[in-house]
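Q: Here you go, sequence then predicted model.
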Amino acid sequence: MGAAAPLERPGRPQPVTLRQVAEAAGVSTATVSLVVNKKKTARISDETRQRVRDAIRDLGYRPNAMAQTLVSGSSRFIGLVADAIATTPFAGQIIHGAQDEAWKHGYALLIANTEGNRELETDAIAMMLEYKVRGILYSTWFHRPTDIPASLKESDFVLVNCFSTEPGSRAVVPDEIQGGRSATEILLKHGHRRIAFINATIPAPAKDGRLQGYREALEAEGIPFDAGLVLEAYPDQEGGYGATEELLKREATAVYCYNDRMAMGLYDGLREHGLSIPEDIAVVGFDNQEVIAAHVRPPLSTVALPHYELGAAGVRMLLGLEEAPAADPTKIHCPTVERNSVRALAPA
């Protein structure tokens, strides 16, 4: 048997040229170029502009984006450099929010997930600068202070979910104080007065802000702050579980946990002591990690970290559509998500 004949592959259609658009519209290539590059000051009538746009649409002409970048000095890309948000399910909403907002204004995202690798981060920023991005969002997966990479300063940039004390750095972060206040208010409005707070052991803006919010909510209701009702535990499931014994000594009717993972562990500890949620004790979390909060039983009332809005607000700030405060980061509201882990306190 002879060798099989090679399969024929259909040829790619040749791209439509500027000259073909010009011929179809009955104008010069220079006129087409001015319309494509949106030169509004050029003396071209509205009727001629429309004729060129119709020819572009009918022929399927695609402008050379790199050539347009050379002309304008900026591309239709926005960079997003992150340490681990693409691999962190709930923080990945930062990408979603930034992408949606970028598309809304005619931009696409170039995303680099560095996993905290400084060399990779430097290379990613350099690549984005080569592509002449409009600017760069620099993001971390949890709210924290950060050092600004030197190469980032070569571009317009906004810090997302992180901040720096360096002058002139713009940032968008969650409003941890408001979030802590809102979490406590969920319990207060259901009649609870003796409310415990299980805070984290790890220093972070969230630890300080959520405690301050808790204190402010109590003060607004005329309830004296009781340091004995504030516990600390490692902010994960085991930490919440391990805090159960100390919590029960405080005789609280409700508890607000630093995060949902901690609340999940506390659920297990309370059940082992024969207690029901919310009948015997009400529980509120923080973060709104959907894989936890919506699926524990009963579903957990919590406060959401506004990751989607952080990404969207970062893009708006980068494009100059939203003003940044002169010194402090812009704080984004943390909304409450009420489910079934809280009910009105029964009369004594």
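A: That came in fine, so what should we check first?
Q: quick check: longest helix of the chain.
A: Ranked by residue count and defined by DSSP state H, the top helix of the chain is helix 205-220.
Q: Buried ones in the longest strand along the chain, by neighbour count?
A: The longest strand of the chain (DSSP state E) is strand 136-145. Residues of strand 136-145 classed as buried: 136, 137, 138, 139, 140, 141, 142, 143 (neighbour count, 16 or more other CB atoms under 10 Å). (Each C-beta comes from the backbone N, C-alpha and C, glycine too.)
Q: same thing with stretch 297-309?
A: 298, 300, 301, 302, 303, 304, 305, 306, 307, 308, 309.
Q: Quick check: which ranges of the protein have low pLDDT?
A: Scanning the chain for pLDDT under 70 picks out 1-13, 63-74, 86-87, 89, 326, 348.
Q: how's it carved up into domains?
A: What automatic domain parsing lists as the domains of the chain is 14-57, 77-175+308-332, 176-305.
Q: which stretches of the protein form strands?
A: Taking DSSP E to define them, one finds strands in the chain at 77-82, 108-113, 136-145, 157-163, 171-174, 195-200, 230-233, 254-257, 282-284, 302-303, 330-332, 336-337.
Q: Can you tell me which of those strands is most buried?
A: Comparing these on average neighbours per residue, with mean count of other CB atoms under 10 Å, the densest one is strand 302-303 at a mean of 32.
Q: re earlier: now do the longest strand of the chain: everything it contacts.
A: 78-85, 88, 91, 94, 98, 125, 128, 146, 148-149, 152, 155-165, 173-174, 176, 204-206, 310-311, 314-315, 318 (CB atoms under 8 Å, 6 or more residues apart in numbering).
Q: and what of stretch 323-334?
A: By CB under 8 Å, 6+ apart, the residues outside stretch 323-334 that reach it are 158-159, 163, 170-176, 178-179, 182, 303-306, 309-310, 313, 317, 322.
Q: repeat for stretch 221-239
A: Contact with stretch 221-239 is made by 188, 193-202, 211, 214-215, 218-219, 240, 242-243, 246-247, 250, 252, 258-259, 261-262, 264-265, 268, as judged by CB under 8 Å, 6+ apart.
Q: Compute the first-to-last residue distance for that stretch.
A: In stretch 221-239, first residue to last residue: 29 Å (CA to CA, to the nearest Å).
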